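Colleague: Dropping the sequence and predicted coords here.
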Amino acid sequence: MKYILKKAVMMILTLFVVSILVFLAFNLIPGDPAARKLGTEATPAQLENLREEMGLNDPLVVRYLRWAGGFVKGDMGDSYTYGPVEKLIADKVPITITLALMAFVIMTIISIPLGIYAARNKGGFIDRIIVVTDQVVMSVPPFFAGILITLIFGLILKLFVPGKFVSYNRDPAGFFAYLLFPAIAIALPKSAMTVKLLRGSVIEEIGRDYARTAYSRGNDTRQVLYRHILKNAMIPVVTFMGMALADMVSGSIVIEQVFNIPGLGRMLLTSINNRDYPVVEAIIMGISIMVMTVNFMVDVIYRIIDPRIDAVD
């Protein structure tokens, strides 16, 4: 419990620092938010009234505390164009999270069995095929994998209509079916990396003294692998998979563009192009919270897999 509380405090402190950096970055950018909101035809009196209304004349510390306090309560400010930010991104968050979780599940289903099989059959024909395929898949960036998937499964096989996104509110089954293909595009490179890492980790653990001792006591390969080796071999893999999930959440921007998915990534790019900084601030903070939450969950899983971490951390 002490270990988990320590990690929770560290996560909160990290988010506090991130919030300061995000706020300062967008409030020190040259330009007048009031002018951006009203346009070029606003009079000086209108600009001054709006600055006062938006609190832009207050000290920077007061503005930060007001912004951070509002964010904690769910008030993310107002877009320069479209109104309350929280309403803008409310429908986008489930899309991005669902896409990332689907990609993570696909990565897990593919990589864990392949990694274990390759390690158990090191040097065999199938193992060599897996190793070579791994190298090829790792070299393909997700956006190019997305283009290939669109070409093969969308235009040639016609399993989905490229660019015709289906809302989860209108058709949940169609929503998941459409996200399947971009999720595969995100998952493939991470799956290849996980297979390589797990294979190497299992092979390394097989050669350790405790594994040889387990064999000498009459345990067969399956028993030694699943009762002893895999528990230790999974520790670095869990770290990578946590990082992969965080990257899937924050790195879905390009894939959302390729597949025309109206998620957080696409809105982030649009808001940056429009210089709609309140929306950008909210999305960056939202992604930071999701990434920190994933890292915290990884730390908790660490503690479950290896209770000794509490003593050495």
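Modeller: Nice, thanks for sending it over. Numbers count the residues shown, from 1 in each chain.
Colleague: tell me the contacts of residue 249?
Modeller: 96, 97, 100, 287, 290, 291, 294 (Cβ atoms under 8 Å, 6 or more residues apart in numbering). Where C-beta positions appear, they are placed from N, C-alpha and C, glycine not excepted.
Colleague: number of nearby residues for the third one?
Modeller: What that stands for is residue 100. Per other Cβ atoms under 10 Å, the neighbour tally for residue 100 reads 25.
Colleague: how much space between it and residue 291?
Modeller: Remark: distance between residue 100 and residue 291 (Cβ to Cβ, to the nearest Å) = 10 Å.
Colleague: Is residue 75 located within a helix, as I assumed?
Modeller: No. Residue 75: not assigned to a helix; according to DSSP: H, G, I helix; E, B strand; the rest coil it is coil.
Colleague: quick one: contacts for it?
Modeller: Applying Cβ under 8 Å, 6+ apart, the residues contacting residue 75 are 84, 86.
Colleague: at 7 Å instead, please
Modeller: residue 86 (Cβ atoms under 7 Å, 6 or more residues apart in numbering).
Colleague: Need the residue closest to the centroid of this protein.
Modeller: Taking Cα atoms, centre = their mean, the centroid of the chain lies closest to residue 249, which sits 2.0 Å from it.
Colleague: pLDDT score assigned to that residue?
Modeller: Predicted confidence (pLDDT) for residue 249: 83.
Colleague: give me the element it is part of.
Modeller: Counting by DSSP states H and E, the element that carries residue 249 is helix 230-250.
Colleague: chain center to that helix: distance?
Modeller: Relative to its chain's centre, helix 230-250 lies at 12 Å (Cα atoms, centre = their mean, to the nearest Å).
Colleague: helix or strand right after it?
Modeller: Counting by DSSP H and E, what follows helix 230-250 is helix 253-258.
Colleague: Tell me the spacing between residue 64 and residue 148.
Modeller: For residue 64, the distance to residue 148 - Cβ to Cβ - is 45 Å.
Colleague: And these two? Which one has more around it.
Modeller: Between residue 64 and residue 148, counted using other Cβ under 10 Å, the more crowded position is residue 64 (16 against 13).
Colleague: can I assume the more buried one is in contact with residue 23?
Modeller: Yes. Using Cβ atoms under 7 Å, residue 64 and residue 23 qualify as a contacting pair, with a distance of 5.1 Å.
Colleague: Let me know whether my guess that residue 169 is in a helix holds.
Modeller: No. Using three-state DSSP, the secondary structure at residue 169 is coil, not a helix.
Colleague: Count the neighbours of it for me.
Modeller: So residue 169, with other Cβ under 10 Å, has 9 neighbours.
Colleague: Okay, the closest residue to it other than its chain neighbours and residue 291: tell me how far apart.
Modeller: Leaving aside its sequence neighbours, residue 169 sits nearest to residue 91 (Cβ to Cβ, 6 or more residues apart in numbering; 7.9 Å). Distance of residue 91 to residue 291, given as Cβ to Cβ: 21 Å.
Colleague: do residue 82 as well
Modeller: 25 Å.
Colleague: downstream neighbour of whichever strand or helix holds residue 35 in the secondary structure list?
Modeller: Per DSSP H and E: residue 35 is located in helix 33-38. Next helix or strand after helix 33-38 toward the C-terminus (DSSP H and E): helix 44-54.
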